[in-house]
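*Asks:* please find the sequence and the predicted model below.
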Amino acid sequence: MEVTTPQTGPIFCIEPSRGWTALKLGELWHYRELLYFLAWRDIKVRYKQSAIGAGWALLQPLATMAIFTLIFGRLANMPSDGLPYSVFAFTGLLPWNYFAQALTRSSTSLVSNGGLISKVYFPRLIVPLSAAIAPLVDFAVAFLALVCMMLWYSIMPTWHWMVLPLCLSFAAISAFAVGLWLAALNVRYRDVAHTIPFLVQFWMFASPVAYPASLVPAKWRLLYGLNPMAGVIEGFRWCLLGTGTLDLRTLAMSALTVLALLWGGAIFFKRMERTFADVV
Amino acid sequence: MTDIAIRVEGLAKQYEIGAAKVRHDTLRDTLVDYGGRFLKRWRRPDTQPENGDATHIWALKDVSFEVKRGQVMGLIGRNGAGKSTLLKMLSRITEPTSGRAEIHGRVGSLLEVGTGFDRELTGRENVYLNGTILGMRKAEIDRKFDDIVEFSGVQKFIDTPVKRYSSGMYVRLAFSVAAHLEPEILIIDEVLAVGDAEFQRKCLGKMGNIAQEGRTILFVSHSMSAVLRLCSHAVLLNGGRLVYQGPSASVVDRYLSSGSKTSSEKVWTEQELAAVQGPFRPLAVRICDSQGEHTEVVRSVLPFSVELEYQITAPIRDLALHIKLDTIQGERLFITSDRDDPANYQRYLVRQPGHYVSRCHVPASLLNRGVFVVEVSASIPNVQMLFSEPSVVRFSVDESGSPGSHWAGDRGGFFRPALAWDILAGIPTAEANR
């Protein structure tokens, strides 16, 4: 039995917290197994009782790709950096779909786990964090499809692909950062839940999913970098397809944006956290 | 080292009554209506609204108490007394508005059975999920898994999604996970309100075991018999304030007799009598001491009587008056009738119109310390119920001077009889006989 002895037992002080509170990352680490199980539950439950199960993770981006190829590729003759449009679009859809999923799920996570929050104590940050992690599985499934497509079109990745994990983490952190704000707000204002689909759609058109970033005029590039997903998606294409260049200034802009969002989001979340159990 | 497990000092929690309305409101309305206030609160969230503010209520105010290590403490009070709020604060789910609490040791709190259970997952998966949510390590669950499943009795269905479970199986599995939590301090809210009688008995037994292992328990329940059985001490909350604390028996008595206007005498008023139909008209019921004087407190070592005063407006044949004596927890102790005595039966075969008193004499050394409730009824047995009034009067019994009261400690039980004992000395042993 791993019951701590009374002499060494921890002492918790329960007091109203004032001002800025610490993030308590140590405590977060202590609860890492819960993080794992919550993400695992999300993955397990997502495709339960559906005939093709995780096939949906494949079908959704493939279908979107087909529509994009038809409309943007064929009808609108969208430039695709000299690649088959379908591969071009799919490489953009992959990180985008992950980001959209992670953002949507982490934003609604606190409300959908309201039962847990009002009945058990654990660091609340775990909830949006696990929701942002869970869609990585869908990403992995779709990624296999991309690998097949690249083989089909005989596109060989260069050493650039080693930067891919970095791009993916960047997408994850971006989704989590924005998710923190929206999740905390959603507890109090359910309007947020209704705003999210619109926000995601708007954001997609503001990101180079269906079109190449090279279409954006150079003078707007820096401003474009405010959208972290612009860097991520271009980064993906650069890593896998070898198109475009990594614009360091744009990337730095994206990184700063995400860091600011994350930092502010964490503080905002911590501040709102005190009343989660009371209003959720 | 200290022997205190939980120390609560001036804990208070304030809720915004408007919160329920605000929270589903649209953002726009809120910005318009509450914009100014929100901004003010955002800048100075620690400012407490003044007391008279109608939009705020104190769910809990100035509550202080201590729970010693290894103590089983009951927490009782009516709905809305602040019990759940207190538990939520001690479980760190919600923050107090002011005051503080110290908790010495690992806390496991059980505010609900099956928190975090996912209906789509199998029993096995839910054991892991729920266990982790309650604060167990995966390795710990691995080790206890077989015990958990065995205790729940759902071995056969452990790999079936719990949505296919009966509600009983669901609850058993959920409680079983919780029962294998091994914190130093266990906080439990009304878990016994679920499940059938058999399951509740099992829960109580398990909690009794936990208590015997020397762990500290803070236990909220509406079941007074569970509190009396499990808890040595209790705290009574009312309207967010701690109104009484002490040994559980006295706190339970206090709780049960609070909020009730019943006393040891009941006199029917003209208005009340107007509602009574038939030839039997009750006038008064009262508890009298050995001198025949009306009293609220009866001494266990002295006899007392229950007096029924009534009027008969038309001759009634075979009338019988009954007194039913219950403990305040609702256990029936006995029923007695004024026709039990054959002499009375013969003499009052028919009661003519007039004013009567039926007096029941209760002998000395019968009842133990506690609060008792009297129900009276008048009927023609097997034919017609003429009048019946449950918990018409109540009285308390003081045990001072009764057998064994020179020993320290509270003696349980409803009765406190003075019984004859023989102590035989110098008995030859079995070996010596051989």
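*Replies:* Structure's in. What do you need? For clarity, every value in this text was computed on a predicted model and none was experimentally measured.
*Asks:* now do stretch A:73-82, average pLDDT.
*Replies:* The average pLDDT within stretch A:73-82 is 84.
*Asks:* list the buried residues in it.
*Replies:* Buried residues in stretch A:73-82, counted by 16 or more other Cβ atoms under 10 Å in any protein chain shown: A:73, A:78, A:80-81. For every residue, glycine as well, the C-beta is placed using N, CA and C.
*Asks:* ditto for stretch B:198-208
*Replies:* B:199-200, B:202-204, B:206-207.
*Asks:* looking at those residues, which are in helices?
*Replies:* Using DSSP state H, the members of the buried residues of stretch B:198-208 that fall in helices are B:199-200, B:202-204, B:206-207.
*Asks:* now distance to chain A too, for the residues you listed, in JSON lines please.
*Replies:* Shown next, in JSON lines, are these (distance: Cβ to the nearest Cβ, whole Å):
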{"residue": "B:Phe199", "distance to chain A": "20"}
{"residue": "B:Gln200", "distance to chain A": "20"}
{"residue": "B:Lys202", "distance to chain A": "22"}
{"residue": "B:Cys203", "distance to chain A": "18"}
{"residue": "B:Leu204", "distance to chain A": "22"}
{"residue": "B:Lys206", "distance to chain A": "16"}
{"residue": "B:Met207", "distance to chain A": "17"}
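*Asks:* show me where the stretch 51-200 of chain B dips below the pLDDT cut-off.
*Replies:* The stretch 51-200 of chain B contains residues with pLDDT under 70 at B:51-54, B:191-196.
*Asks:* would you convert the ones in helices among the buried residues of stretch B:198-208 into JSON lines that also reports distance to B:Asp3?
*Replies:* Output for those, formatted as JSON lines (distance: Cβ to Cβ, whole Å):
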{"residue": "B:Phe199", "distance to B:Asp3": "34"}
{"residue": "B:Gln200", "distance to B:Asp3": "31"}
{"residue": "B:Lys202", "distance to B:Asp3": "31"}
{"residue": "B:Cys203", "distance to B:Asp3": "28"}
{"residue": "B:Leu204", "distance to B:Asp3": "26"}
{"residue": "B:Lys206", "distance to B:Asp3": "25"}
{"residue": "B:Met207", "distance to B:Asp3": "21"}
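*Asks:* just to revisit the earlier point, out of the buried residues of stretch B:198-208, which comes closest to A:Trp220?
*Replies:* Nearest to A:Trp220 among the buried residues of stretch B:198-208: B:Cys203, at 66.0 Å, using Cβ to Cβ.
*Asks:* from the ones in helices among the buried residues of stretch B:198-208, which is closest to B:Gly330?
*Replies:* The closest of those, once distances to B:Gly330 are taken by Cβ to Cβ, is B:Gln200, at 16.0 Å.
*Asks:* count of residues packed around B:Gly123?
*Replies:* 25 (other Cβ atoms under 10 Å in any protein chain shown).
*Asks:* now it: phi and psi?
*Replies:* Main-chain dihedrals, B:Gly123, degrees, to the nearest 10: phi -60, psi -50.
*Asks:* ok, it - contacts?
*Replies:* Contacts for B:Gly123 (Cβ atoms under 8 Å, 6 or more residues apart in numbering or on different chains) come out as B:149, B:154, B:157-160, B:162, B:165, B:173.
*Asks:* from these, pick the one nearest A:Leu222.
*Replies:* Among these, B:Val162 lies closest to A:Leu222 (Cβ to Cβ), at 53.2 Å.
*Asks:* wait, that closest one touches B:Val127, no?
*Replies:* No: B:Val162 lies out of contact with B:Val127 (Cβ atoms under 8 Å); the separation is 10.0 Å.
*Asks:* which neighbours do these two share?
*Replies:* Residues within reach of B:Val162 and of B:Val127 at once, by Cβ under 8 Å, 6+ apart, are B:Leu173.
*Asks:* given the lowest-mean-pLDDT helix or strand in chain A, what are its sheet partners and their directions?
*Replies:* Within chain A, confidence by mean pLDDT, DSSP states H and E is lowest for strand A:11-14 among all helices and strands, at a mean of 79. The pairing partners recorded for strand A:11-14 under DSSP bridges are strand B:98-104 (antiparallel).
*Asks:* thanks a lot, catch you later.
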